[in-house]
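Undergrad: got a structure for you, letters missing:
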Ligand SMILES: NC(=O)C1=CN([C@@H]2O[C@H](COP(=O)(O)OP(=O)(O)OC[C@H]3O[C@@H](n4cnc5c(N)ncnc54)[C@H](O)[C@@H]3O)[C@@H](O)[C@H]2O)C=CC1
Ligand SMILES: O=C(CO)COP(=O)(O)O
């Protein structure tokens, strides 16, 4: 059944998902804050700053007017980087309260908020009053926009405490190349999504420094161990970390040149400095900020996250990547299951 959907955020992921939802037969309005970008999307059907090779459907309508985007929408998909999520959710709350709507909220944001360490769905819960919304569903998993744009095969998860809502999202998004599974573990899905970006930066850095396959496999596996430790400390189901939003997303992000986080790590490994890497990416590198939040949270909760700590020292304390790697390898030997 066709639904009226508003997508907030027209970067690489928001615009690609909006286009896919149009092609799935839905009535979609895409909100962006930049007028020039909106004009290009509406007139030329391109979004070159974010998705160089995608020609968007002429049925996709973009607007800078959030009220116009949201009016009449049964479903709202938020795809804003973690840093801007709270502000956009707050604005959305005011608008849907005035319009008297109570939409289903989906988000695809991957990160933890600075200082509060809140997950995206927690920020949304805090900013959008329960009377202004239906359930919240997390859309996550191994899904580079670049692959979805060329209709490559992709599988993701829709996580929600409300199974009927997750199943509705499953039906909205699924098609011949995009397969959505459901899951009830929002905490696990969101921790997996946020923390894999830290390991992806590390994997890129290893490759940039000239390390090979064994090193990458070790980092991914031990990275997953610490992702799971933190997630479980906050109530996640350990099984979620061997699913799409766990190991699935970790593998795609830590092995792909399409990953902004991997590319950032690679450039750091090649000797570029962090400020230049961030300035030149042109898109959000969530892992840079998540590393700080996860490091602080792990200290507070007394969860061992040696790789996250090492990357924190590289990104925020000027430690060389080589020194950080040497120190990781030099730690006391331990059991794999600790
Ligand atoms: N790019 C991808 O393949 C995927 C990205 N994600 C996640 O989706 C989220 C968005 O990522 P991308 O689309 O890649 O980012 P991006 O950097 O390509 O685009 C972000 C968009 O959000 C807008 N934006 C940022 N702050 C805003 C604010 N305060 N108000 C309004 N608009 C704002 C920017 O103008 C830009 O249009 C991130 O959390 C990312 O981890 C998840 C899965 C896949
Ligand atoms: O989450 C993603 C793929 O699932 C996107 O990762 P990057 O932000 O590193 O490109």
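TA: That came in fine, so what should we check first? Not measured: the values here are computed from a predicted model. Ligands and ions are numbered 1, 2, ... in the order given.
Undergrad: so where's the protein shaky on pLDDT?
TA: For the chain, no stretch is flagged by pLDDT under 70.
Undergrad: What sits closest to whatever residue of it ends up closest to ligand 1 if chain neighbours are left out?
TA: For the chain, the residue closest to ligand 1 is residue 11, as judged by C-beta to the nearest ligand atom, at 1.7 Å. Backbone N, C-alpha and C define where each C-beta goes, glycine included. What sits nearest to residue 11 in space, not counting adjacent residues and going by C-beta to C-beta, 6 or more residues apart in numbering, is residue 50, at 5.1 Å.
Undergrad: go on, residue 78?
TA: residue 107 (4.4 Å).
Undergrad: was I right about the one you found contacting residue 138?
TA: Yes. Between residue 107 and residue 138 there is a contact at 6.2 Å, judged by C-beta atoms under 8 Å.
Undergrad: joint contacts of the two?
TA: Contact criterion C-beta atoms under 8 Å, 6 or more residues apart in numbering; residues shared by residue 107 and residue 138: 120-121.
Undergrad: Which of the two has more residues huddled nearby?
TA: Between residue 107 and residue 138, residue 138 has the larger neighbour count (other C-beta atoms under 10 Å), namely 31 against 25.
Undergrad: got a list of contacts for the strand or helix carrying that one?
TA: Using DSSP states H and E, residue 138 maps to strand 136-140. For strand 136-140, contacts defined as C-beta under 8 Å, 6+ apart pick out 17, 77, 104-108, 110, 120-121, 124-125, 156-160, 162, 165-166, 168-169, 173, 180, 186, 189-190, 192-193, 244-245, 249.
Undergrad: Now, of these, which are buried?
TA: 17, 77, 104-108, 110, 120-121, 124-125, 156-160, 165-166, 168-169, 173, 180, 186, 189-190, 192-193, 244-245, 249 (16 or more other C-beta atoms under 10 Å).
Undergrad: which SS class is the residue nearest in space to the middle of the chain?
TA: Centroid-nearest residue in the chain: residue 110, 2.7 Å away (criterion: C-alpha atoms, centre = their mean). Classification of residue 110 using DSSP: H, G, I helix; E, B strand; the rest coil returns coil.
Undergrad: How far off centre is the strand holding residue 138?
TA: For strand 136-140, the separation from the chain centroid amounts to 10 Å (computed by C-alpha atoms, centre = their mean, to the nearest Å).
Undergrad: same deal with stretch 71-84?
TA: Centroid separation for stretch 71-84 versus its chain: 13 Å, with C-alpha atoms, centre = their mean.
Undergrad: what's the closest non-adjacent residue to residue 246?
TA: Closest to residue 246 by C-beta to C-beta, 6+ apart is residue 192, at 4.1 Å.
Undergrad: now the top helix by length along the chain against strand 136-140, angle please.
TA: Counting by DSSP state H, the longest helix found in the chain is helix 186-209. Going by axes from the mean of the first three to the mean of the last three C-alpha atoms, to 10 degrees, helix 186-209 is angled at 20 degrees with respect to strand 136-140.
Undergrad: close to ligand 1, is helix 186-209?
TA: No. Helix 186-209 is not in contact with ligand 1 by C-beta under 6 Å from any ligand atom; minimum separation 6.8 Å.
Undergrad: my read: residue 54 touches residue 44, true?
TA: No. Contact criterion C-beta under 8 Å: residue 54 and residue 44 do not qualify, at 11.7 Å.
Undergrad: More neighbours: which of the two?
TA: More neighbours surround residue 54 than the other of residue 54 and residue 44, with 19 against 11 (other C-beta under 10 Å).
Undergrad: Around the residue nearest to that one when sequence neighbours are not counted, count how many other residues there are.
TA: In space, and not counting its chain neighbours, residue 54 is closest to residue 149: 4.4 Å by C-beta to C-beta, 6+ apart. Here the number of neighbours of residue 149 (other C-beta under 10 Å) works out to 19.
Undergrad: List the residues that contact residue 149.
TA: Neighbour list for residue 149: 16, 19, 51, 53-54 [criterion: C-beta under 8 Å, 6+ apart].
Undergrad: One more pass at 7 Å, please.
TA: Residue 149 makes contact with 16, 51, 54 under the criterion C-beta atoms under 7 Å, 6 or more residues apart in numbering.
Undergrad: now the residues you listed as TSV including secondary structure?
TA: Converted to TSV, the contacts of residue 149 look like this (three-state DSSP):
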residue	secondary structure
16	helix
51	strand
54	coil
